[in-house]
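J.: When you get a sec, could you give me coordinates for this:
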Amino acid sequence: MKILVSLVSLIAFLLVLLPGPLYKYGVVELSTAFTGFRFGVYVGGAALVLLVIQVIFMRKTLSMGSTLMALVFAVIAIAMPLSMMSKAKSVPAIHDISTDLINPPKFVAILPLRADAKNPAEYAGEETATQQRKAYPELKTLNYAQSKTDLLVATEQAVKNLGFELVNVNAATGIVEATDTTTWFGFKDDVVVRINDEGSQRFVDIRSKSRVGRSDLGKNAERIHSLIDEINTLLDK
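T.: Residues are numbered from 1 along each chain as shown. I've put the predicted structure just below:
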């Protein structure tokens with residue numbers, strides 16, 4: 001029984017741990033990876049049931065190490081997918097976030113990199129804007145007194161500090177473009193920063209968009225917040 005419980009809990013753990021890397025390196029499709037998540041929850045539940053049976057009816061077969069390991073694996077297998085599902089329900093099912101919803105910054109140098117992306121580079125439209133206004137009302141155009149040059153330098157450095165891949169900096173148009181690759185699944189999300197010079201103020205807009213997936217689980221909004229915070233930190237130095 002001890003071996004069975006350990007084996008089932010390990011399988012459950014692997015069903016939620018491996019889909020990310022397997023998708024990242026092109027071994028499985030995204031739908032297959034998410035199916036693994038779903039089965040991971042089921043198998044994790046089965047492991048917990050078997051563990052309870054072992055505790056009640058076969059206590060003599062228990063050992064502290066194997067029992068704790070089985071419990072941890074089963075809980076992780078259940079908790080990780082459920083946490084993602086909970087996050088998905090708490091945010092709108094959108095994947096294109098911008099501080100300017102009327103005239104969102106456009107991708108330029110990144111366009112060739114998105115040639116095969118399932119989500120087109122064009123802004124997702126008013127329906128997405130409406131959902132963003134409700135979910136992330138704080139995301140609006142930023143204005144600064146610093147020069148355009150200082151903002152370009154700070155933005156480029158912020159992108160590097162956050163681990164994004166810098167794609168292009170166009171000083172003439174005030175555009176900075178970069179790509180952020182998520183660690184687990186290797187999802188590639190693109191970022192464009194637009195700096196407009198208007199008299200004594202500079203207006204900065206940031207847009208972040210996923211290449212795949214209907215919902216970003218709030219990641220694009222989080223990325224914009226992180227980029228804003230990093231730019232502000234650099235400007236304050």
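
J.: mind listing the helices in the protein by residue range?
T.: Remark: helices assigned in the chain by DSSP state H are 2-17, 19-24, 30-57, 64-90, 126-135, 148-161, 219-236.

J.: Out of these, flag the one nearest residue 185.
T.: helix 19-24 (4.5 Å; C-beta to C-beta). Yep, even glycine has a C-beta here, placed from its N, CA and C like the rest.

J.: Would you indicate which residues of the closest one are buried?
T.: Buried positions in helix 19-24, judged by neighbour count with 16 or more other C-beta atoms under 10 Å: 19-20, 22-24.

J.: Repeat that for stretch 55-69.
T.: Quick answer for stretch 55-69 (16+ other C-beta under 10 Å): 66-67, 69.

J.: Residue 51 and residue 71 touch, don't they?
T.: Yes: when contacts are counted by C-beta atoms under 8 Å, residue 51 is listed as touching residue 71 (6.4 Å).

J.: more neighbours, the two?
T.: residue 51 (22 against 15; other C-beta atoms under 10 Å).

J.: picking up where we left off before, could you export the buried residues of stretch 55-69 to CSV, including columns for distance to residue 210?
T.: Formatted as CSV, the buried residues of stretch 55-69 follow (distance: C-beta to C-beta, whole Å):
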residue, distance to residue 210
66, 41
67, 41
69, 36
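
J.: which of the buried residues of helix 19-24 lies closest to residue 213?
T.: residue 23 (11.3 Å).

J.: excluding its backbone neighbours, what's nearest the closest one?
T.: Leaving aside its sequence neighbours, residue 23 sits nearest to residue 33 (C-beta to C-beta, 6 or more residues apart in numbering; 4.3 Å).

J.: contacting residues for that neighbour?
T.: Residues touching residue 33, when contacts are defined by C-beta atoms under 8 Å, 6 or more residues apart in numbering, comprise 19-20, 22-23, 185.

J.: which two in these are spaced the farthest apart?
T.: Greatest spatial distance in those: 22 and 185, 9.5 Å, computed using C-beta to C-beta.

J.: joint contacts of residue 51 and residue 71?
T.: In contact with both residue 51 and residue 71: residue 9, using C-beta under 8 Å, 6+ apart.

J.: Give me the phi and psi angles of the closest residue to residue 134 other than its chain neighbours.
T.: Nearest residue to residue 134 in three dimensions, chain neighbours excluded: residue 92, at 7.3 Å (C-beta to C-beta, 6+ apart). Residue 92 adopts backbone torsions of phi -70, psi 150, taken as degrees, to the nearest 10.

J.: quick one: furthest residue from the center of this protein?
T.: If you look at how far each residue of the chain sits from its centre, by C-alpha atoms, centre = their mean, the farthest one is residue 60, at 44.9 Å.

J.: quick one: that residue and residue 5, what's the gap?
T.: Distance of residue 60 to residue 5, computed by C-beta to C-beta, to the nearest Å: 14 Å.
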